[in-house]
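[1] Turn this into a model:
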Amino acid sequence: MYSWADCLVYIMYRSFTPESRHGTPGSRTPTIRFSEDDYGASLVSDELAAKLTELVVDEQVKRDSFSMSVQLLASERNKVSIKDREDALVVIYTVISHKYEPERVNSTLVSALMKAALGQRSDLEALLALQSICVAYTFADEDHPNYEDINEQINSFLPKLLGQIREKETTVTVRSFMTTALATLTFFTLSGGGGFNVEPAANNLMEIAETTTSKDAAVTAAALLGLALVTTLARDANSLIEDLAPSLTAFLGTSSNEVKLAAGKVLGVFFEKYTGTDLESEPLVEALESVLSESSKRTAKKDKRQTKSLFRDVLRTQRKDPATTLTYFALSRQKSLPIRTWAMLALLQHLTWVFAGGIQSQIANNASVHELLREETGEDASLFEDQYETPAERDWGPDHQRAIDRRTARLEKIKALGLMDPHVST
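    Residues are numbered from 1 along each chain as shown. The predicted structure follows:
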């Protein structure tokens, strides 16, 4: 049995807590937080976030502990205490989330992480294992030596994850983490696929949301936020949106502010992507307007402010008003990324959950993250140039063109197999 006293690490989780106006243009605050207008970006409960305090650990300690942590995590569960498994996961997650080092990821690590996620015995073990799996998957691009093995592992892992969410045998907190991971990994696997398989994935997430109870608000909210993310991948989304939008009316009337905000974000994405007229129906618009006009002494002022801000923007999107900036996401002390679409908000909220305190480093160096952000924002690379040290690296890093080439090849393969409408623009 190894001693883990020297390996104890706590992670920067302040990124999960909405703050007042951090990250606005010109801010000198070194933060990765959204502004308060992100309408409650937290995907982790306040109780767990409070449990994860900050502690800086010597870099060499983390690096020396990494391989030992993987070995311990791969060991039989009955030979390792929960505390030791949590400490091992903290080391693994901190190392891979804070620095883009694809060579650290292999099928052995992913297998150990999946075993920890599916056999978890605590909220912290579940959270760190699931986050680590998502991080590892972004590292395993087509140039990675274990690319095919890791893809097979992820494809076999997703149905097991969905099964555990549906069985409801784990805690609400763990199921909410699993739901967020399910949506995120599904998004990663389907991204660049021309909208193929988006509909069944979206229906799975809606099913999770609709089969929960009032006691499962965290799971419901996670499923709705995941639905918003996955729907952004749909190419011709009208029929999917027409099927799912009526169900959202019930969520707008819930007593849970968390669920209400999540439903609003889904509708924001729906209104952005929808090109027909059926969503202008009176019941849906009336439900949105009723959220703005409702008043309850049991609702905190901050929650009321966030709710009204969000739903005003949702209604602007529904009316097709000129685009406005929803919020900002800090890239550095001096530079912030304006978030102008609901799709971008959904993407960055989930990327923040995946990488936590390492998200700025991953934005600067991870080719998979580059591709996702550039496709969604359409921003010029100069927005991110102060993340790089040399002019040659400033065009989204040296690996970005290879990522684009891989995506093009993947789309051509999908077309050749007859899985996508050949008229869809790439």
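
[2] How much space separates Ser176 from Ala218?
    Relative to Ala218, Ser176 is positioned 4 Å away (C-beta to C-beta, to the nearest Å). All C-beta spots, glycine's among them, are computed from the backbone N, C-alpha and C.

[3] Kindly report the same for Phe177.
    9 Å.

[4] more crowded one of these two?
    Neighbour totals were compared for Phe177 and Ala218, and Phe177 leads with 30 against 24 (other C-beta atoms under 10 Å).

[5] Shouldn't that one be within a helix?
    Yes - the assignment for Phe177 by DSSP: H, G, I helix; E, B strand; the rest coil puts it in a helix.

[6] mind listing what it touches?
    123, 126-127, 130, 222 (C-beta atoms under 8 Å, 6 or more residues apart in numbering).

[7] show me the biggest helix of the chain in terms of residues.
    Longest helix in the chain, counting residues (DSSP state H): helix 147-167.

[8] Check whether the nearest residue to Ala116 once chain neighbours are set aside sits in a helix, strand or coil.
    Ranked by C-beta to C-beta, 6 or more residues apart in numbering and with sequence neighbours excluded, the top spatial neighbour of Ala116 is Ala129, at 4.0 Å. Classification of Ala129 using three-state DSSP returns helix.

[9] Please look at Ala129 and Leu113 and confirm they touch.
    Yes - using C-beta atoms under 8 Å, Ala129 makes contact with Leu113 at a distance of 5.1 Å.

[10] Tell me which of these two has more neighbours.
    Leu113 (29 against 26).

[11] Distance of the more buried one relative to Ser122?
    15 Å.

[12] what's near enough to touch the residue nearest the centre of the chain?
    For the chain, the residue nearest the mean C-alpha position is His350 (1.6 Å; C-alpha atoms, centre = their mean). Residues counted as contacts of His350 (C-beta under 8 Å, 6+ apart) are 43, 180, 183-184, 187, 225-226, 229.

[13] biggest separation within the residues you listed, which pair?
    Leu43 and Phe187 (13.9 Å; C-beta to C-beta).

[14] Buried residues, stretch 253-261. List them.
    Going by neighbour count (16 or more other C-beta atoms under 10 Å), the buried part of stretch 253-261 is 254, 256-261.

[15] I meant to write stretch 368-381 there.
    Neighbour counts over stretch 368-381 (16+ other C-beta under 10 Å) mark 368-374, 376-377 as buried.

[16] Just the CA atoms of it, as PDB, please.
    In PDB, the C-alpha atoms belonging to stretch 368-381 read as follows (Å, rounded to 0.1, in the frame of the first residue of the first chain):
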ATOM      1  CA  SER A 368      -9.300  19.300 -30.200                       C
ATOM      2  CA  VAL A 369     -10.500  22.200 -28.100                       C
ATOM      3  CA  HIS A 370      -9.200  24.700 -30.700                       C
ATOM      4  CA  GLU A 371     -11.300  23.000 -33.400                       C
ATOM      5  CA  LEU A 372     -14.500  23.000 -31.300                       C
ATOM      6  CA  LEU A 373     -14.100  26.700 -30.300                       C
ATOM      7  CA  ARG A 374     -13.200  27.900 -33.800                       C
ATOM      8  CA  GLU A 375     -16.100  26.100 -35.400                       C
ATOM      9  CA  GLU A 376     -18.500  27.600 -32.900                       C
ATOM     10  CA  THR A 377     -17.200  31.100 -32.500                       C
ATOM     11  CA  GLY A 378     -16.000  31.900 -36.000                       C
ATOM     12  CA  GLU A 379     -13.500  34.200 -34.200                       C
ATOM     13  CA  ASP A 380     -10.200  35.200 -35.700                       C
ATOM     14  CA  ALA A 381      -7.200  33.400 -34.200                       C
END
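
[17] check which helix or strand covers Val135.
    helix 123-139 (DSSP states H and E).

[18] Now do the strands in the protein.
    327-330, 336-339 (DSSP state E).

[19] For Tyr274, grab phi and psi.
    The phi/psi pair for Tyr274 (degrees, to the nearest 10) reads phi -80, psi 130.

[20] Go ahead and confirm it touches Ser239.
    No - applying C-beta under 8 Å as the test, Tyr274 and Ser239 come out as separate, 10.3 Å apart.

[21] Good, wrapping up.
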